[in-house]
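Participant: Sequence plus predicted model, see below.
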Amino acid sequence: MYDTVTSLDGDHSRAAARLKEEPGLTLLGNRFLTFSTVVRVRQIEVTREKALGPDESSIHTPNEARAFREAIEKGWPGARITWAFSWLALKDQRPDYRDLRQLVVLYHHMYGDEITFIPGAYFSNMYNTREQVNRDLAADAKLAGSQIHRFLILHKQLEADDGELTRTSKLR
């Protein structure tokens with residue numbers, strides 16, 4: 001299902017060494033490529049109780065995650081993945097979602113993978129008031145202390161407070 005991709009250069013360490021020698025180029029931790037994936041139940045989470053789109057549970061399984069993780073490790077040994085969970089994926093009690101969450105925590109400890117929350121699976125701001133989004137983000141910060149020490153909330157379309165046109169083309 002997943003193919004191995006090799007460096008265009010053919011030698012990862014030589015390419016990385018050349019980049020390090022480049023004057024003025026600064027990179028944190030030699031992380032040149034980021035792999036991320038979104039784990040969700042439905043395509044659009046309108047609110048925490050309402051979602052739109054077909055049920056995607058058949059593609060968010062431990063077996064699929066394992067195949068993805070193994071392909072990344074084979075193609076890019078030592079690479080880390082950011083696993084972004086939607087609210088429904090974090091709360092879904094079906095066995096596959098429970099097992100998937102445990103598997104990703106294992107990958108965090110084994111490979112240094114990062115686990116994060118993605119509010120509304122990108123669409124929280126389109127369907128909720130700014131106040132509700134702010135309440136949700138404040139509540140979500142409590143998830144950070146659960147099992148993982150490094151935690152980040154991914155967002156895509158949060159509104160600005162300074163009267164500028166936002167990414168959702170709304171004027172504030």
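Facilitator: The structure has been received and is ready for your questions.

Participant: Can you point out the buried residues in the top helix by length along the chain?
Facilitator: The helix spanning the most residues in the chain, taking DSSP state H as the definition, is helix 95-111. By 16 or more other Cβ atoms under 10 Å, the buried positions in helix 95-111 come out as 96, 97, 100, 101, 103, 104, 105, 107, 108. Just so you know, the C-beta spots here come from the backbone N, C-alpha and C atoms, and that holds for glycine as well.

Participant: export the residues you listed to a markdown table and tack on distance to residue 131 and pLDDT?
Facilitator: Output for the buried residues of helix 95-111, formatted as a markdown table (distance: Cβ to Cβ, whole Å; pLDDT from 0 to 100):
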| residue | distance to residue 131 | pLDDT |
| --- | --- | --- |
| 96 | 34 | 97 |
| 97 | 29 | 97 |
| 100 | 32 | 97 |
| 101 | 29 | 95 |
| 103 | 36 | 97 |
| 104 | 31 | 96 |
| 105 | 32 | 94 |
| 107 | 35 | 96 |
| 108 | 33 | 93 |
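
Participant: Residue 42: which of those residues is nearest?
Facilitator: Residue 42 has its nearest neighbour among the buried residues of helix 95-111 in residue 97, at 12.4 Å by Cβ to Cβ.

Participant: circling back: format the buried residues of helix 95-111 as TSV; extra columns: distance to residue 43.
Facilitator: Formatted as TSV, the buried residues of helix 95-111 follow (distance: Cβ to Cβ, whole Å):
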residue	distance to residue 43
96	18
97	16
100	18
101	20
103	22
104	20
105	25
107	24
108	26
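
Participant: for those, which one is nearest residue 128?
Facilitator: Of the buried residues of helix 95-111, the one sitting nearest to residue 128 (Cβ to Cβ) turns out to be residue 97, at 23.2 Å.
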